[in-house]
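Asker: What would the 3D arrangement of this be:
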Amino acid sequence: MIKGVIRFLLQILPRPFLIRLSLLINRVVAVFLIGNKVECPVCGGKFRRFLPYGYTKSTGRDNCLCPKCLSLERHRLMWLYLKNETDFFNKNIKVLHIAPEQCFYKRFKALPNLDYTTGDLESPIADVHFDVQNIPFADKKFDVVICNHVLEHVDDDAKALKEFNRILKPGGFAILQVPMDTNNPKTEEDPNVTDPNERERLYRQKDHVRLYGLDYADRLCIAGFKVSQSKYSNQFPKELAEKYRLPMNEIFYFNQKL
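Answerer: I've put the predicted structure just below:
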């Protein structure tokens, strides 16, 4: 029942309203799930289980949404990568965060080492509103760009990727995760597909314009990035990966500007 309610709300409510609503209910729900079976490395919360999440029956999954900070599997993986593999949490750097996720927003904003800017088309918590195909910042301005699960909504993702590369300083890096079919070597997209139901069938969501395949790394390289890819979840002991509920099949892309 909970899964169905969450799926229904995700489908009918505008994203800005969902963001505000989540801030009101997550702390109340978290109290009823306190336990020790799962743990969120982002907020440190420990629970009997995480909440279900998903826009459709085919993409819905159990035990994945942290009821305290609203992190999903991919967020917990990114947090651990930034913490363990980069100097994100201790070096003085300029960061641009596109479509800032609730689980990261306040934590990143509070870090004294970050000069932190957020951007989005419409998010109520974004500092600047713009289209990622035309970013209103100067060349070589940022050390880090974060943009997760956005490019699947963008008509010209090649243009957006080049924009991310343009605004990065040499040596800077970008985290640009996307929904992906890891069983498909090729990205599926067709600009002639405009029917929302057909997009949902082909690309998993009505507002997606493609479903990335394993050639995503090629797109990143064409945009000018040096790409390192790994199934980073597999670097953790099985028991810990399960406790954190990490996405075991997700390919993590670390994209550095040369």
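
Asker: Give me the phi and psi for the residue nearest the centre of the chain.
Answerer: Nearest residue to the geometric centre of the chain (C-alpha atoms, centre = their mean): Asn148, 3.2 Å. For Asn148, the backbone dihedrals (degrees, to the nearest 10) come out as phi -110, psi 130.

Asker: likewise Asp115?
Answerer: phi -100, psi 100.

Asker: tell me the contacts of it?
Answerer: Applying C-beta atoms under 8 Å, 6 or more residues apart in numbering to Asp115 gives the contacts Asn92, Ile93, Lys94, Val95. Glycine gets a C-beta too; all of them are placed from N, C-alpha and C.

Asker: repeat for Arg219
Answerer: Arg219 is in contact with Asp157, Ala158, Leu161, Thr187, counting by C-beta under 8 Å, 6+ apart.

Asker: List only buried entries from the residues you listed.
Answerer: By neighbour count, with 16 or more other C-beta atoms under 10 Å, the contacts of Arg219 hold Asp157, Leu161, Thr187 as buried.

Asker: Give me the spatial nearest neighbour of the second one, chain neighbours excluded.
Answerer: I take that to be Leu161. Among residues not flanking Leu161 along the chain, Ala223 sits closest, at 3.6 Å (C-beta to C-beta, 6 or more residues apart in numbering).

Asker: is it true that the one you found touches Arg166?
Answerer: No: shown here, Ala223 and Arg166 do not form a contact pair, counting by C-beta atoms under 8 Å, at 9.3 Å.

Asker: Let me see the ranges of the strands in the protein.
Answerer: 34-39, 46-47, 51-53, 61-65, 93-98, 114-120, 128-129, 142-147, 168-175, 188-189, 210-211, 225-230, 252-257 (DSSP state E).

Asker: Sheet-wise, list the partners of the longest one with their directions.
Answerer: So the one you mean is strand 168-175. As defined by DSSP bridges, the strand partners of strand 168-175 come to strand 142-147 (parallel), strand 252-257 (antiparallel).

Asker: Go through these and pick out the most buried.
Answerer: With neighbours defined as mean count of other C-beta atoms under 10 Å, the strands paired with strand 168-175 peak in mean count at strand 142-147, which reaches a mean of 24.

Asker: Next, the angle strand 114-120 makes with that strand.
Answerer: 40 degrees (axes from the mean of the first three to the mean of the last three C-alpha atoms, to 10 degrees).

Asker: how close does Asp120 get to Ile135?
Answerer: Look at Asp120 and Ile135: by C-beta to C-beta, to the nearest Å, they are 12 Å apart.

Asker: Quick one: distance of stretch 197-216 to the chain centre.
Answerer: Offset of stretch 197-216 from its chain centre (C-alpha atoms, centre = their mean, to the nearest Å): 16 Å.

Asker: list the buried ones in it?
Answerer: 199-200, 202-205, 208-214, 216.

Asker: Span of it from start to end?
Answerer: Stretch 197-216 has an end-to-end distance of 24 Å (C-alpha to C-alpha, to the nearest Å).

Asker: quick one: average confidence on it?
Answerer: Stretch 197-216 carries an average pLDDT of 97.

Asker: what does stretch 93-101 give?
Answerer: On average, stretch 93-101 scores 97.

Asker: Next: stretch 106-121.
Answerer: 97.

Asker: Then stretch 141-149?
Answerer: 98.

Asker: Stretch 161-181 too?
Answerer: If you average the pLDDT over stretch 161-181, you get 98.

Asker: one step back: mind checking which of the contacts of Arg219 are in helices?
Answerer: Mapping the contacts of Arg219 onto helices (DSSP state H) picks out Asp157, Ala158, Leu161.

Asker: so how far is Ile222 from the last one?
Answerer: Yep, that's Leu161 we're talking about. From Leu161 across to Ile222, the span is 8 Å (C-beta to C-beta).

Asker: Let me see the ranges of the helices in the stretch 101-250 of the chain.
Answerer: Remark: helices assigned in the stretch 101-250 of the chain by DSSP state H, counting those that start in this stretch are 102-110, 157-167, 196-203, 216-222, 238-244.

Asker: That'll do, ta.
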